[in-house]
Every structure is written in C-alpha cells, then in structure tokens.
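[1] the sequence and its predicted three-dimensional model are supplied below.
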Amino acid sequence: MTDARPNTIDCPQCGGENSLRSGDRLLACAFCGAALFVDRSGAVGHYWLPRLLDAEQARAALRRWMAGNDTVKDLDRKSTIESVEPVSFPVWMFRSRHGGGEAAYIEPAAPTPIPQLADLTVPAGQLRPFEEEAEDVARVDATIPLETARQWLSERGIEEVFETSLVQLPLWRCRYSFDGGSYQALVDGSTGEVMAAVFPEKAEAPYYLVAAAGLILFGILGLAITNPLIKLAAYAVTGLPLALIAYFVARRV
Ligand SMILES: [Zn+2]
C-alpha cells in the first residue's frame with residue numbers, strides 16, 4: 001500500500017512543515033535551518049559534540065586507564081593496542097525536570113556492548129547542530145527507535161521529559177589484546193573518559209582465599225586454646241604471616 005499524500009514532518013524548533021521523501025532520516029529544516037533527525041515517532045533536533053581528542057590523545061587516555069586501579073596490574077605495559085578508530089555514535093538525549101532540577105539523560109540509539117554509555121554526561125553547552133565529521137569517521141546509524149529508548153528511560157523512573165534530541169558522540173573505538181584475549185574499550189573523544197564492559201580485571205579471588213584461610217585458622221585457634229593470653233599470642237603469631245601473604249598477593253595482581 002502506498003500513501004498518496006506527501007509525507008511531511010513538523011520541525012520541533014520552529015513548527016514549520018517540512019516535506020519528506022521516504023527514507024529521509026537526516027534533514028535541515030527548510031524554514032529555520034535546524035538539523036533534524038527523523039524517527040518513526042517524529043522529528044527531533046540532531047546534534048553532535050565536537051571531537052576534542054585526536055587518535056594519539058585517545059591512545060594516551062586508554063593507557064592511563066590501563067595503568068589505573070580497575071584493571072589487572074601492568075595492563076598498560078603487557079597489552080597491545082591493535083586499533084584506535086573514530087566513530088560517531090548516536091544516543092538519545094532526554095532533558096527532564098525529574099526531581100526538581102533540570103538534567104539530561106542518555107540512552108543508546110544503537111546497540112552497544114558497553115552499558116556505561118547511558119551514564120555519560122553530555123555538556124549541553126558544547127552541543128552543536130549536527131554535521132558530518134571527517135570522511136574517515138564512521139557514523140553509526142540510529143537503529144534503536146525513540147519509543148524504545150523512552151521506555152528504558154521510564155523504567156529508570158525518569159519522567160517529565162520536556163525535550164528530546166539525537167546526539168552523535170565522538171568516540172574512539174579501541175581494540176587491544178592481552179594474555180591471548182582481545183578486548184574493546186571506548187574513549188569519549190570529548191572528555192577522554194574510558195568505557196569498557198569486559199576487561200582484564202584486578203583479580204579478587206586471591207584476597208578472598210587469604211581472608212578465608214585467616215578465618216579458618218583463627219577459628220581453629222579459638223576453639224583449641226582456652227587460655228585468653230595464649231590465644232592472643234597465637235593470634236599474633238598467625239596474623240603476621242597472613243598479613244605478609246596478603247601483602248605479596250596484593251603486589252602480584
Ligand atoms: Zn524549523
């Protein structure tokens with residue numbers, strides 16, 4: 001079935017009625033010039049954040065994160081960065097008066113394995129009307145409908161949205177290998193923040209083992225020795241080696 005009427009869409013900025021060829025998703029309003037993105041449920045403002053970090057700076061941000069406390073020791077030295085590619089990643093941005101003050105909330109507009117994207121803060125003052133980045137920057141299509149993102153937002157308990165837009169984030173997609181495995185991380189090209197869902201984490205198991213061994217030993221000593229003074233001495237004697245083991249475990253991981 002084809003619809004005989006010309007397809008039109010109202011500009012969310014000026015209210016002007018724009019005609020639309022089927023399949024058009026990117027549009028400049030014929031009346032006010034606003035950059036628009038056309039979703040099934042209507043048109044929204046389309047923005048981008050300028051890319052402030054170049055590839056070298058993104059690489060350096062990744063290295064700093066690798067040297068930090070969340071990742072396994074020496075990841076920065078023992079991993080190989082395979083690739084650092086610029087992508088323009090779409091997110092739905094909702095401005096809301098939730099909880100009194102005004103705030104912006106993000107939901108991804110394309111599938112991503114990295115859930116921290118929703119926690120990004122978009123500095124509203126830095127938003128620019130959408131324009132394509134350099135030719136080598138791959139723009140990821142917004143394939144998650146606005147309706148779906150609205151649903152996620154309300155599941156987070158956020159209501160009172162007064163403005164919705166699509167924002168292209170300037171990300172660097174990094175791939176690196178470590179100890180036979182390959183991993184992905186995203187570097188936010190406007191802030192240098194690093195996001196990763198799966199990465200070589202600081203192992204916690206050895207700490208738990210030491211703690212469990214300590215509890216068992218202390219339990220046995222507590223049961224076996226009744227004299228409180230000897231008990232105290234025994235605790236001191238076993239506590240020191242345990243503390244040393246814990247120290248060496250901490251040094252290794
Ligand atoms: Zn307009």
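    Received the coordinates, thanks. Owing to the predicted nature of the structure, the values given are computational and were not obtained by experimental measurement. Numbers count the residues shown, from 1 in each chain.

[2] for A103, which residues are in contact?
    Contacts for A103 were tallied using C-beta atoms under 8 Å, 6 or more residues apart in numbering; they are 95-96. Glycine gets a C-beta too; all of them are placed from N, C-alpha and C.

[3] if we go to 7 Å?
    Counting by C-beta atoms under 7 Å, 6 or more residues apart in numbering, A103 makes contact with S96.

[4] what's the pLDDT at A109?
    The per-residue pLDDT reported for A109 equals 96.

[5] does it touch W92 like I think?
    Yes: here A109 reaches W92: they are 5.1 Å apart, a contact under C-beta atoms under 7 Å.

[6] quick check: neighbours shared by those two?
    Common neighbours of A109 and W92, using C-beta under 7 Å, 6+ apart, are 149, 166.

[7] mind listing what's buried in the helix or strand bottoming out on mean pLDDT in the chain?
    The weakest-scoring helix or strand in the chain, judged by mean pLDDT, DSSP states H and E, is helix 205-224 (a mean of 73). Within helix 205-224, the residues that count as buried by 16 or more other C-beta atoms under 10 Å are 206, 210, 214, 217-218, 221.

[8] one more: stretch 75-94?
    75, 79, 81, 84, 86-94.

[9] show me which of those neighbour the ion.
    Contacts with the ion are made by none of the buried residues of stretch 75-94, judged by C-beta under 5 Å from the ion.

[10] now do the contacts for the nearest residue to Q116 once chain neighbours are set aside.
    Among residues not flanking Q116 along the chain, M195 sits closest, at 4.2 Å (C-beta to C-beta, 6 or more residues apart in numbering). The contact partners of M195, taken as C-beta under 7 Å, 6+ apart, are 114, 116-117, 185-186.

[11] which of the buried residues of stretch 75-94 sit farthest apart?
    Using C-beta to C-beta, the two most remote members of the buried residues of stretch 75-94 are S79 and F94, lying 36.3 Å apart.

[12] ranges for the helices of the protein?
    In the chain, the helices defined using DSSP state H lie at 55-66, 75-78, 146-155, 205-224, 228-252.

[13] for the shortest one, name the packing helices and strands.
    Judged by 3 or more C-beta pairs under 7 Å, 6 or more residues apart in numbering; DSSP states H and E, the packing partners of helix 75-78 are helix 55-66.

[14] list the buried residues for the helix it packs on?
    Judged by neighbour count (16+ other C-beta under 10 Å), helix 55-66 contains these buried residues: 58-59, 61-63, 65-66.

[15] average pLDDT across that helix?
    What helix 55-66 shows for mean pLDDT is 97.

[16] quick one: residues in contact with it.
    Residues outside helix 55-66 that contact it (C-beta under 7 Å, 6+ apart): 53, 75-76, 79, 81, 84, 172, 174, 185, 187, 189, 192, 194.

[17] if we go to 10 Å?
    By C-beta atoms under 10 Å, 6 or more residues apart in numbering, the surrounding residues in contact with helix 55-66 are 51, 53-54, 71-72, 74-79, 81, 83-86, 170-174, 176, 178, 185-189, 191-196, 199-200.
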